[in-house]
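**Student:** Sequence isn't available, so here's the structure alone:
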């Protein structure tokens, strides 16, 4: 049954996923064409165009990420806590299956959005910054070579580095999606203005995440000031610490969601 729930949810969201991420693709293509038009010579009026392009690109990327997050929250709220919720909660499936099916699909949508943003950053933002800041002798290939040297100096194998990075991205996305669900579920405990309650709960959850992360990052801050500081070791230790925190908090959000749905369900 879980397979059917996942299939149904994917059919319901894939079109929105394409529409939202099309802004990233179109903006990146336009930006690359404009950069070719400038032909690496950003001076005077052309420099102003580049700065304007950078600003518009930044706004678009932030808007795309925010739009996907808002859509995930609206989708979850609409399915579980509106008139559709009465049907959803009477399906012959467990609450666990309902949550997991949406979590897998929504996390995949979030991850695809983030991946496209990262690819876009590599294709457009890096060469644009190099031109604006007028950094001589800096290319994408030279930057990759420097990264490889840092990885080697940190005594970290490339496969381990890639696995840690991928694990961090997956765990962070799942935990972030669960945080949205948890805020919506807790928001339903408000007698009035439940949507506003969900927003306030999300702000509280966000502050909690930042506090936990800051405490766990204290050893890394000390490491930055040490004599044997290595940027790649710092990066690897940082994402590992954040992944552990995200995993722990994700489990907490998941338990709260299931408890509230099974014991404290409150439909309008």
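**Tutor:** Structure's in. What do you need? Predicted, not measured: the structure shown is a model, and the values here were computed from it.
**Student:** Would you map the strands across the stretch 51-200 of the chain?
**Tutor:** Under the criterion DSSP state E, counting those that start in this stretch, strands are not mapped anywhere in the stretch 51-200 of the chain.
**Student:** just so I have it, where are all the helices in it?
**Tutor:** Taking DSSP state H, counting those that start in this stretch, the helices of the stretch 51-200 of the chain run over residues 83-88, 95-120, 126-133, 140-153, 158-187, 194-216.
**Student:** The ones you listed: which one's closest to residue 255?
**Tutor:** helix 158-187 (9.4 Å; C-beta to C-beta). C-beta coordinates here come from the backbone N, C-alpha and C atoms, glycine included.
**Student:** hang on, the earlier thing: with mean neighbour count and distance to residue 51 as new columns, can the helices of the stretch 51-200 of the chain be given to me in CSV?
**Tutor:** Shown next, in CSV, are the helices of the stretch 51-200 of the chain (neighbours: other C-beta atoms under 10 Å; distance: least, C-beta to C-beta, whole Å):
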stretch, mean neighbour count, distance to residue 51
helix 83-88, 13, 46
helix 95-120, 19, 18
helix 126-133, 16, 6
helix 140-153, 13, 21
helix 158-187, 19, 30
helix 194-216, 15, 31
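**Student:** could the ones you listed go into JSON lines alongside distance to residue 13 and mean pLDDT?
**Tutor:** As requested, the helices of the stretch 51-200 of the chain are exported to JSON lines (distance: least, C-beta to C-beta, whole Å; pLDDT from 0 to 100):
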{"stretch": "helix 83-88", "distance to residue 13": "15", "mean pLDDT": "81"}
{"stretch": "helix 95-120", "distance to residue 13": "6", "mean pLDDT": "92"}
{"stretch": "helix 126-133", "distance to residue 13": "31", "mean pLDDT": "59"}
{"stretch": "helix 140-153", "distance to residue 13": "33", "mean pLDDT": "63"}
{"stretch": "helix 158-187", "distance to residue 13": "12", "mean pLDDT": "89"}
{"stretch": "helix 194-216", "distance to residue 13": "20", "mean pLDDT": "90"}
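**Student:** so which of those comes closest to residue 54?
**Tutor:** helix 126-133 (5.7 Å).
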